[in-house]
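1. My questions concern the predicted model and sequence given below.
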Amino acid sequence: MSEDTTQTAFTPRVFSGIQPSGNLHLGNYLGALKRFADSQTAGIQSIFCMVDMHAITVWQDPAALRRQTRELTAGFIASGVDPDKSVLFNQSQVSAHAELAWIFNCVARMGWMKRMTQWKDKAGKNQENASLGLFAYPALMAADILAYHATHVPVGEDQKQHLELTRDIAIKFNNDFGVDFFPITEPVIEGTATRVMSLRDGSKKMSKSDPSDMSRINMTDDADAIASKIRKARTDPDALPSEAEGLEARPEARNLVNIYAALADLSVDAVLRDVGGKQFSEFKPMLADLAVTRLSPISTEMARLMQQPDEIDAILRHGAEQARAIANPILEKTYEILGMVR
Ligand code: ATP
Ligand code: MG
């Protein structure tokens, strides 16, 4: 984790969130979940959130949202996040997120928001019909982070731009009111799989919202589904290279090697020393075996936890209490800075 010497006033604190929008996938695991447990073992206070208010920026079926929120919580726990060590909760139970988001809506500029590539990607050609919430999403994300004065945010590569916006919002707030109140958050984008790509299209990231189930490996997929999706993954006809440079113009090959490296906890060079020269017909079954070995204990544990929804709900309620205890005083101080009578 990088040290930021300008941040001496703020205690190191990790925050990250995942949307309970279903289809939790290998990209979420390698880019986010797998790394969350690391911050916990490093002894840094960590706060993890099921960002249900982000999920409703596109329509969600209510029964599905409820199930997906519990399933995501199970995914965190099964990936090694311990609710006794980290704060684990869902966003809508802590109103500070929405309140601070409104304040940040008044800090962020339209021009900043219009530049967000996720907005452009998700709204596509139909911007007039996208929700206002989808447009304002990055201000809510800034609130998620800054309500805890979080200093470090482990995320996948796709969130880099939103984290830069979070820094801009913190800087502008601090400047506008002549304070040094919000920390300038550090993105933590590390590892060999910070951007897992779609199995069908090496130029698109693997996403929960991709309409094609074949584009992603879901955390709940069984061994057969994983093997079949990897077997059918798009590749080129060449053998694997022996060095990382050989992957540069081969996005699909690079993606599969990156996934292998991240799952095996090896560097890309170490993997290629081993598999360089092999055809995909040989490499794909190796990758499928490794993915099944790594993911099946997690999906089994998720399924077990899902049998006890009351327990999951109790964990989220308890986490929300802990989260409120941190966020509410920060929100109160924000209102005071703004001059709101309380
Ligand atoms: P959606 O398509 O609905 O936006 P998503 O797959 O992007 O879903 P999010 O809940 O938006 O999932 O993101 C949760 C976390 O997973 C974030 O830290 C994000 O950066 C990370 N993440 C998402 N997709 C990938 C990916 N393909 N590779 C690596 N990390 C990813
Ligand atoms: Mg996303």
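-> The structure has been received and is ready for your questions. Residues are numbered from 1 along each chain as shown. Ligands and ions are numbered 1, 2, ... in the order given.
2. Can you list the buried residues in the helix or strand harbouring T166?
-> Per DSSP states H and E, T166 falls inside helix 160-177. Of all the residues in helix 160-177, those buried under the rule 16 or more other C-beta atoms under 10 Å are Q161, H162, L163, L165, T166, R167, D168, I169, A170, K172, F173, N174. Bear in mind the C-beta positions are built from the backbone N, C-alpha and C, glycine included.
3. Tabulate the residues you listed in JSON lines, adding columns for pLDDT and distance to ligand 1.
-> Output for these, formatted as JSON lines (pLDDT from 0 to 100; distance: C-beta to the nearest ligand atom, whole Å):
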{"residue": "Q161", "pLDDT": "98", "distance to ligand 1": "11"}
{"residue": "H162", "pLDDT": "98", "distance to ligand 1": "9"}
{"residue": "L163", "pLDDT": "98", "distance to ligand 1": "10"}
{"residue": "L165", "pLDDT": "98", "distance to ligand 1": "14"}
{"residue": "T166", "pLDDT": "98", "distance to ligand 1": "13"}
{"residue": "R167", "pLDDT": "98", "distance to ligand 1": "16"}
{"residue": "D168", "pLDDT": "98", "distance to ligand 1": "19"}
{"residue": "I169", "pLDDT": "98", "distance to ligand 1": "18"}
{"residue": "A170", "pLDDT": "98", "distance to ligand 1": "19"}
{"residue": "K172", "pLDDT": "98", "distance to ligand 1": "24"}
{"residue": "F173", "pLDDT": "98", "distance to ligand 1": "23"}
{"residue": "N174", "pLDDT": "98", "distance to ligand 1": "25"}
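4. Flag the helix or strand of this protein with the lowest per-element mean pLDDT.
-> Within the chain, no helix or strand scores below helix 34-41, which has a mean of 87 by mean pLDDT, DSSP states H and E.
5. Skip ahead from that helix and say which helix or strand is next.
-> strand 45-50.
6. Tell me the strands beside that next one, with direction?
-> Applying DSSP bridges, strand 45-50 is found paired with strand 13-18 (parallel), strand 87-90 (parallel).
7. Pull up the residues of the protein that are close to ligand 1.
-> 18-19, 21, 27-28, 30-32, 155-156, 158-159, 194-196, 205-209 (C-beta under 6 Å from any ligand atom).
8. Mind checking which of those residues are in strands?
-> Among the residues of the chain next to ligand 1, the members falling in strands (DSSP state E) are I18.
9. Who are the packing partners of the helix holding T166?
-> If contacts are counted by 3 or more C-beta pairs under 8 Å, 6 or more residues apart in numbering; DSSP states H and E, helix 160-177 sits against helix 110-114, helix 117-123, helix 132-146, strand 186-188.
10. For L295, give me its contacts.
-> L26, Y29, I217, M219, D221, I226 (C-beta atoms under 8 Å, 6 or more residues apart in numbering).
11. Count the neighbours of the fourth one for me.
-> Which is M219. M219 has 22 neighbours, counted by other C-beta atoms under 10 Å.
12. And it, how close does it get to G80?
-> Using C-beta to C-beta, to the nearest Å, one gets 13 Å for the distance from M219 to G80.
13. Adding pLDDT, write the contacts of L295 out as a markdown table.
-> Formatted as a markdown table, the contacts of L295 follow (pLDDT from 0 to 100):
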| residue | pLDDT |
| --- | --- |
| L26 | 98 |
| Y29 | 97 |
| I217 | 98 |
| M219 | 96 |
| D221 | 96 |
| I226 | 97 |
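14. Let's see which of these end up in helices.
-> L26, I226 (DSSP state H).
15. Considering the contacts of L295, which is situated nearest to T293?
-> I226 (10.2 Å; C-beta to C-beta).
16. from what I can see the closest one touches A291, true?
-> Yes: at 5.2 Å, I226 counts as touching A291 under the criterion of C-beta atoms under 8 Å.
17. Can you pull the residues that touch both of the two?
-> I217.
18. shaky segments in the stretch 1-150 of the chain?
-> 1-8 (pLDDT under 70).
19. does L266 count as helix, strand or coil?
-> Using DSSP: H, G, I helix; E, B strand; the rest coil, the structure places L266 in coil.
20. how close does it sit to S16?
-> 24 Å.
21. before we move on, what about Q308?
-> 24 Å.
22. again with S95
-> 20 Å.
23. higher neighbour count, the two?
-> Taking other C-beta under 10 Å, S95 and S16 do not tie; S16 has more neighbours (24 against 13).
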